[in-house]
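In: model this:
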Amino acid sequence: AMLITGTWYADSILKANPDFKLGLGALPVNDDPASTMVNLAVSTTLTVYPESPNKAVAVDFLNYILDDKDSSAFFDQLKFNKVASNQQISTFPWTEQGNRYVESGHSYLDQSIPQAANEAIGKMSQSYFAKQITQDQLIAELDKTWKNSLKVQK
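Out: Numbers count the residues shown, from 1 in each chain. Have a look, this model is predicted:
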């Protein structure tokens, strides 16, 4: 079975059944099997705004979060991807699966989809599945929305 979503359900699923086998699978993005990719977004990011008036405090906090002794238990509990190479944590199996897709160039970031196009995908897909529009109409409308979104972003 497949669940098309993020990893946020994993903890609940595994609490209900610790032996449940969860993994990460790629989906086709076009008719070319070599283009099958995973949609990955950054699940854990740490940063400090360079112009922050509290930069020293923020850097101290990041150093604390990334300290082996102080943060390993926290990140080990999350089991998400490592945010620093010095972390010695275990991750969920799909984290390593996702890393392999990234390393082989078979991933893309959902956030790179223009917001208007992302919204149109949801709306137009519902119309398509309700048989209110054809596949060609769906593709044409999404293409038009995507192109208009890119013009606005420039």
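In: how about the strands in this protein?
Out: 38-39, 107-108 (DSSP state E).
In: Now do the last one: everything it contacts.
Out: Surrounding strand 107-108, the residues in contact under the criterion C-beta atoms under 8 Å, 6 or more residues apart in numbering are 29, 37, 38, 39, 40, 98, 101. Yep, even glycine has a C-beta here, placed from its N, CA and C like the rest.
In: and the second one, what pLDDT?
Out: It refers to residue 37. Per-residue pLDDT puts residue 37 at 85.
In: The last one now?
Out: Among the per-residue scores, residue 101 holds a pLDDT of 86.
In: mind starting the numbering at 699 from now?
Out: Done: numbering now begins at 699, and the last item shifts to residue 799.
In: That one: neighbour count?
Out: The tally of other residues near residue 799 (other C-beta atoms under 10 Å) stands at 19.
In: Correct me if wrong: it contacts residue 737.
Out: No - in terms of C-beta atoms under 8 Å, residue 799 does not count as a neighbour of residue 737; the distance is 9.8 Å.
In: for the helix or strand of the chain with the lowest mean pLDDT, the distance to its chain's centre please.
Out: Within the chain, no helix or strand scores below helix 766-776, which has a mean of 75 by mean pLDDT, DSSP states H and E. Remark: helix 766-776 is offset 22 Å from the chain centroid, using C-alpha atoms, centre = their mean, to the nearest Å.
In: Compute the distance between the closest residue to residue 819 other than its chain neighbours and residue 817, please.
Out: What sits nearest to residue 819 in space, not counting adjacent residues and going by C-beta to C-beta, 6 or more residues apart in numbering, is residue 840, at 6.4 Å. Residue 840 sits 11 Å away from residue 817, going by C-beta to C-beta, to the nearest Å.
In: wait, doesn't the residue nearest to residue 819 sit right on residue 821?
Out: No - with contact defined as C-beta under 8 Å, residue 840 and residue 821 do not form a contacting pair (10.0 Å).
In: Between these two, point out the one with more neighbours.
Out: Higher neighbour count among residue 840 and residue 821: residue 840, with 16 against 11, using other C-beta under 10 Å.
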